[in-house]
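Student: Fold the following for me, if possible:
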Amino acid sequence: MNALVRPPQTRDPLEEEAISRLAACRVWKSYFELDLREMYFMTAPHRQRQIFSMVQPGTKRWMDYPELNTSLGYDLCGEFITEVVNTFMPEAQPWCERGKGMFVPQDVWEQVADKVREDDFLIFQAIKASNFYAELPKSYNPDLACGLTGMWIDVRASSICCQALPIRELEINLGPYGDIDDRFAVRWPYKPHVRSLLGEDIWAKVSAEEKRSIENGKANERIIVVWGFWRQWDDLGDEVWQHVVLVSNKLVHDVKIRGEGCCPLLITRFDPSSDWPMGLGPLFKTMPDLRQADELVARKIEGIGRNINPPITYPSDSFANVEQGIEDGFAYPIRPGSEGAVKPIYPPINMEPAIYQLEEMEHRMRRLFYIDFPEQSGDTPPTLGQWLDQMARAQRRIGTPGMAFWREGPAEYFNRFKYLLESAGLVRRFKADNGANIATMPMNPAQRAAEQQEIAMTQQAIAICGQAFPEEFKMHVDGGASIKAIVDKMRVKLLKFRPDDQVQAAVAGISKLLAGQAPGAQPPSQGAGAALP
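Tutor: Modelled structure (predicted):
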C-alpha cells in the first residue's frame with residue numbers, strides 16, 4: 001500500500017519564489033479592475049477589457065460600446081498622447097543626453113564628454129531606425145492616460161525591436177524603495193508561436209513532455225508563458241536582475257542579468273504615488289466628469305429628438321397609459337371633449353444650460369489632461385507676452401508629474417538602447433585613465449530652460465562688466481574658454497573651432513597689425529631709414 005503512495009512533489013525554490021511574486025502582483029491589480037474596465041469603456045471600448053493575466057484573453061469583441069454616448073474620451077486621450085510624445089520624446093531632436101555620474105569628478109568627466117555626446121548621437125540614430133515611434137502610440141493609447149504602460153525592447157532578427165504590452169499582460173509590484181521592482185509579462189500565445197517567442201536557447205530547456213504537448217496542440221489552443229524580472233538588492237555594486245521564464249507555470253529558464261538597461265521589460269507610469277504600483281493618470285481623475293458628460297449627452301440627444309419630433313395627441317374614447325413615459329414621434333389618444341383638460345403634452349425645452357454645462361466640463365477635463373492650450377477668454381486678443389506666459393504655465397503643469405514619467409519612461413528607453421548597442425560593440429563603455437568605469441546618467445533636456453536662464457545672466461554680466469570696466473574685464477576674462485563654455489551650454493554643434501596653433505598665429509598677426517606692421521614684413525633697419533630723403 002505504501003508503495004502506491006506518491007511522494008510529494010517539491011518545487012524548485014526559484015520557481016516557488018516567482019509564482020509567489022506573481023501572485024502578489026495580481027492582488028495589486030485586482031484593486032483596480034473596475035476602474036480599468038470603465039476607463040477602457042470610455043476611451044477604447046474596442047479593446048480587451050479582461051485585465052487579469054491568469055485568464056485567456058477573449059476572442060470576441062465587446063458589444064456594449066453602442067451604449068457610449070460621447071467620443072470625448074477618444075479625443076482627450078489622443079491629444080494627451082500627442083502632447084506627451086512631442087513634449088518629452090520629439091522624433092526630430094534628441095530628447096535625452098548623458099551627463100557625469102553623481103560621484104564622477106569633473107576632470108574625469110571632461111576626458112570623455114565629447115565622446116559621450118558622439119555616442120548619444122548613435123543611440124538616437126538607432127532609436128529612429130527601430131520601430132520605437134510606431135509602437136509608442138500602441139503602448140500609450142489609452143494606457144498612459146490610465147497611468148500604466150509596458151514596452152518590451154530587445155534584439156530580434158539582428159535589429160532592435162520594440163513591442164507594446166497591454167495592461168492585461170503586465171503584473172507589477174513595488175520594491176523596497178518605492179519604485180517598480182517585480183515585473184512580469186504574462187502572455188497566452190497560440191501553441192505554434194511558443195517556440196518562436198521563447199527562442200531556441202530557452203526552447204531547448206523545455207521538458208520533452210511539454211514540447212510534445214505544444215507541438216501536437218491545435219493551432220487555436222493557447223498556453224501561458226511568463227517572463228519575470230526582479231531586482232537583486234544584495235548586489236549594490238551594479239544593477240542586477242533575476243530573470244525567469246515559466247511555461248505552464250513551470251520554470252524552464254533562469255539567469256541573472258547585469259548592467260544599466262539590461263532589463264528588456266520597461267514599465268512606465270504617469271503621476272505615480274508611493275502607495276500603489278499603478279500610476280494615477282489623467283483618465284483616473286476625469287472619470288467623474290466623463291460619466292456626467294456621457295449622461296448629459298444622452299439626455300441632450302433625447303431632448304433634441306423630442307424638440308424635432310414631438311409626441312402628439314388625437315381624439316379617442318380613452319386615454320393611453322403614459323405612466324411609463326412618452327416616446328418621440330408617437331401619437332397618444334384623448335377622449336373627445338376633454339381637449340382643454342389636457343395641457344401641452346411636451347413643451348419644448350431650452351437646451352442652452354445643458355450645452356453650457358457640457359462645455360464647462362470639457363474645459364475642466366482638458367485641463368486635467370494637460371491639453372488646455374492658451375485660449376482667448378475675451379473679445380480682445382491677448383498680447384504676445386500674455387500668450388507666451390499662458391503656454392509656459394501649461395508646460396510647467398505637465399512638467400511636474402512628467403518628472404517621474406521621464407525617469408521611468410524616456411530615460412529608461414534611452415538606457416535600454418544604450419545597453420543593447422554597448423553589447424553589440426557599437427557604443428563605447430567609458431573608463432578613466434586609471435581603468436575605473438565612468439558612470440553616466442540620463443538628463444532631461446527640459447532642464448535646458450534653466451540653463452538658458454544661466455546663459456541670459458551671463459550675457460547680462462558681460463554687458464555690464466564690459467561696459468563699466470572694459471580694460472579690467474578683458475584682462476581677467478579668458479575669452480576663448482568662455483566662448484567654448486557658452487557654446488557647450490547651448491548644445492551648438494555646427495560651430496567649429498580652430499586648433500590652438502592657428503589661434504596663436506592669428507593672435508600674433510593681429511598684434512602686429514595693431515603695432516602698425518604688416519604681417520610677415522621685417523621691421524625696417526636704422527640704415528635704410530637714414531638713406532631716405
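
Student: Excluding chain neighbours, what is closest to Gly78?
Tutor: Among residues not flanking Gly78 along the chain, Asn141 sits closest, at 6.7 Å (Cβ to Cβ, 6 or more residues apart in numbering). Where you see a C-beta, it was placed from the backbone N, CA and C, and this is true even at glycine.

Student: and if you look at Pro401?
Tutor: With Cβ to Cβ, 6+ apart, the residue lying closest to Pro401 is Asp271, at 3.9 Å.

Student: what's near enough to touch that neighbour?
Tutor: Taking Cβ atoms under 8 Å, 6 or more residues apart in numbering, we find Asp271 in contact with 147, 279-282, 401, 404-405.

Student: what do you get if the cut-off is 10 Å, keeping everything else the same?
Tutor: With contacts defined as Cβ atoms under 10 Å, 6 or more residues apart in numbering, Asp271 is in contact with 147, 279-282, 284-285, 400-405.

Student: Same question for Asp254.
Tutor: Going by Cβ under 10 Å, 6+ apart, the list of residues near Asp254 reads 12, 14-15, 18, 205, 228, 242-246.

Student: secondary structure class for the residue nearest to Pro401?
Tutor: Each residue gets one of three states, and Asp271 gets coil by DSSP: H, G, I helix; E, B strand; the rest coil.

Student: So in that sheet, which strands flank the helix or strand hosting Asp254, and in what orientation?
Tutor: For Asp254, the host element (DSSP states H and E) is strand 250-258. Under the criterion DSSP bridges, strand 250-258 sits next to strand 240-247 (antiparallel) in its sheet.

Student: mind listing the helices for the stretch 351-500 of the chain?
Tutor: For the stretch 351-500 of the chain, the helices defined by DSSP state H, counting those that start in this stretch occupy 352-368, 384-408, 410-423, 448-468, 470-476, 479-489, 500-514.

Student: Report the angle between the last one and helix 479-489.
Tutor: For helix 500-514 against helix 479-489, the angle by axes from the mean of the first three to the mean of the last three Cα atoms, to 10 degrees is 130 degrees.

Student: List the buried residues in helix 500-514.
Tutor: The neighbour-count check on helix 500-514 (16 or more other Cβ atoms under 10 Å) flags nothing as buried.

Student: Just the mean pLDDT for it, thanks.
Tutor: For helix 500-514, the mean pLDDT works out to 74.

Student: do the first one as well
Tutor: Model confidence over helix 352-368 averages 81 on the pLDDT scale.

Student: Nearest to the spatial middle of this protein, which residue is it?
Tutor: The centroid of the chain falls nearest to Gly409 when counting by Cα atoms, centre = their mean (5.0 Å).

Student: And that residue, how far from Asp143?
Tutor: Per Cβ to Cβ, to the nearest Å, Gly409 is found 12 Å from Asp143.

Student: Give the residues shared as contacts by those two.
Tutor: In contact with both Gly409 and Asp143: 149, 268, 270, using Cβ under 10 Å, 6+ apart.

Student: so the second one sits in a helix?
Tutor: Think Thr268. No: counting by three-state DSSP, Thr268 is not part of a helix but strand.

Student: Enumerate every residue touching Gly480.
Tutor: The neighbourhood of Gly480, defined by Cβ under 10 Å, 6+ apart, consists of 497-498, 500, 503, 507.

Student: can you check Phe405 too?
Tutor: With Cβ under 10 Å, 6+ apart, Phe405 has these contacts: 84, 88, 144, 147, 149, 268-272, 279, 281, 398-399, 411.

Student: now, among the residues you listed, which is nearest to Leu76?
Tutor: Nearest to Leu76 among the contacts of Phe405: Gly281, at 11.0 Å, using Cβ to Cβ.

Student: related to what we said a few turns ago, rank the helices of the stretch 351-500 of the chain by mean pLDDT and give me the bottom one.
Tutor: Looking at the helices of the stretch 351-500 of the chain, the bottom one is helix 384-408 with a mean of 69.

Student: before we move on, the earlier item: buried ones among the contacts of Phe405?
Tutor: Buried subset of these (neighbour count, 16+ other Cβ under 10 Å): 84, 88, 144, 147, 149, 268-272, 279, 281, 398-399, 411.

Student: so the residue nearest to Gly78 touches Phe80, yeah?
Tutor: Yes: Asn141 lies in contact with Phe80 (Cβ atoms under 10 Å); the separation is 8.7 Å.

Student: Worst mean pLDDT across the helices and strands of this structure, which element?
Tutor: Least confident helix or strand of the chain, by mean pLDDT, DSSP states H and E, is helix 526-531 with a mean of 41.

Student: Check the offset of the top helix by length along the chain from the chain's centre.
Tutor: The longest helix of the chain (DSSP state H) is helix 282-308. Computed by Cα atoms, centre = their mean, to the nearest Å, the separation of helix 282-308 from the middle of its chain amounts to 30 Å.

Student: What of stretch 489-501?
Tutor: Here stretch 489-501 is found 34 Å from its chain centre; the criterion is Cα atoms, centre = their mean.

Student: quick one: terminal-to-terminal distance for stretch 160-173?
Tutor: Start to finish, the residues bounding stretch 160-173 are 27 Å apart (Cα to Cα, to the nearest Å).

Student: before we move on, back to that, could you say which one of the helices of the stretch 351-500 of the chain comes nearest to Ile167?
Tutor: The nearest among the helices of the stretch 351-500 of the chain, by Cβ to Cβ, is helix 384-408 at 15.3 Å.

Student: related to what we said a few turns ago, now tabulate the shared contacts of Gly409 and Asp143 in JSON lines and tack on pLDDT and distance to Lys418.
Tutor: Output for the shared contacts of Gly409 and Asp143, formatted as JSON lines (pLDDT from 0 to 100; distance: Cβ to Cβ, whole Å):
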{"residue": "Thr149", "pLDDT": "96", "distance to Lys418": "20"}
{"residue": "Thr268", "pLDDT": "96", "distance to Lys418": "17"}
{"residue": "Phe270", "pLDDT": "93", "distance to Lys418": "23"}
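
Student: and which of those residues is nearest to Pro94?
Tutor: Checking those one by one against Pro94 (Cβ to Cβ), the nearest turns out to be Thr268, at 19.1 Å.

Student: show me what contacts the closest one?
Tutor: Per Cβ under 10 Å, 6+ apart, neighbours of Thr268: 139-140, 143-144, 147-151, 180, 279, 404-413.

Student: Equivalent analysis for Leu148, please.
Tutor: 29, 32, 36, 166-167, 170, 172, 180, 267-270, 272, 276-281.

Student: Tell me how far Asn415 lies from Val507.
Tutor: Counting by Cβ to Cβ, the gap from Asn415 to Val507 is 44 Å.

Student: Could you verify that Val226 is part of a strand?
Tutor: Yes: applying three-state DSSP, one finds Val226 inside a strand.

Student: in terms of contact, does it touch Arg26 like I think?
Tutor: No: using Cβ under 10 Å, Val226 makes no contact with Arg26, being 11.4 Å away.

Student: list the residues that contact both of these two?
Tutor: Common neighbours of Val226 and Arg26 (Cβ under 10 Å, 6+ apart) are 53, 171, 184, 186.

Student: For the last one, which three-state class applies?
Tutor: Of the three states, Val186 takes strand according to three-state DSSP.

Student: Give me the neighbour count for it.
Tutor: Residues lying near Val186 (other Cβ atoms under 10 Å) number 21.
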